[in-house]
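Asker: coords please:
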Amino acid sequence: MVAIISNKWFHIFGLPILFVLIGALASSLGRRDGDLTPGRNDWAVGTTIMLMTLGTIAGDLYSHINAINMTKIVEIFGWFILVLVLTFFSMFVDRFFSWERAPNDALTEQKHWFWGIILPDIFGIALFAFYRYSLG
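Answerer: The predicted structure follows:
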């Protein structure tokens, strides 16, 4: 088990997939009783993955500040700003473009499979994976 958790590729690909599962579980458990919105909306966790990525970056930044590694601090701070901006962009897209529309062009309570669930989740996973890979 230790060999798996300490493996570089687990940190690049395994953690973001765990982020998806944790985010979907949190969304599911956070539903109010009697909530009639579709269950597939629980899988729309792209922004949640990005927030978890921000937390990871902040932790990495803190550990390098303690080690006084200025080169890594600047690199990680750049990642922090980039992911922060992309998180706000993700929230904007989630708010205005990720919902299915009724025939009269009104928004529904159901996320669009591709624009609301698949694309944001894959983007969040890819962003986290790229960040972890860039650290070496």
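Asker: Now the residue nearest to the spatial centre of the chain: closest residue in space that isn't a chain neighbour?
Answerer: Closest residue to the average C-alpha location of the chain: residue 49 at 1.5 Å, with C-alpha atoms, centre = their mean. Counting by C-beta to C-beta, 6 or more residues apart in numbering, residue 49 lies nearest to residue 124, which is 3.1 Å off, once chain neighbours are set aside. Where you see a C-beta, it was placed from the backbone N, CA and C, and this is true even at glycine.
Asker: So for the helix or strand harbouring that neighbour, what gets flagged as buried?
Answerer: Per DSSP states H and E: residue 124 is located in helix 119-134. By 16 or more other C-beta atoms under 10 Å, the buried positions in helix 119-134 come out as 120, 121, 123, 124, 125, 127, 128, 129, 131, 132.
Asker: What is it packed up against?
Answerer: Judged by 3 or more C-beta pairs under 8 Å, 6 or more residues apart in numbering; DSSP states H and E, the packing partners of helix 119-134 are helix 15-29, helix 46-67, helix 70-97.
Asker: any chance of those in a markdown table, plus mean pLDDT?
Answerer: Shown next, in a markdown table, are the helices and strands packed on helix 119-134 (pLDDT from 0 to 100):
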| stretch | mean pLDDT |
| --- | --- |
| helix 15-29 | 89 |
| helix 46-67 | 89 |
| helix 70-97 | 92 |
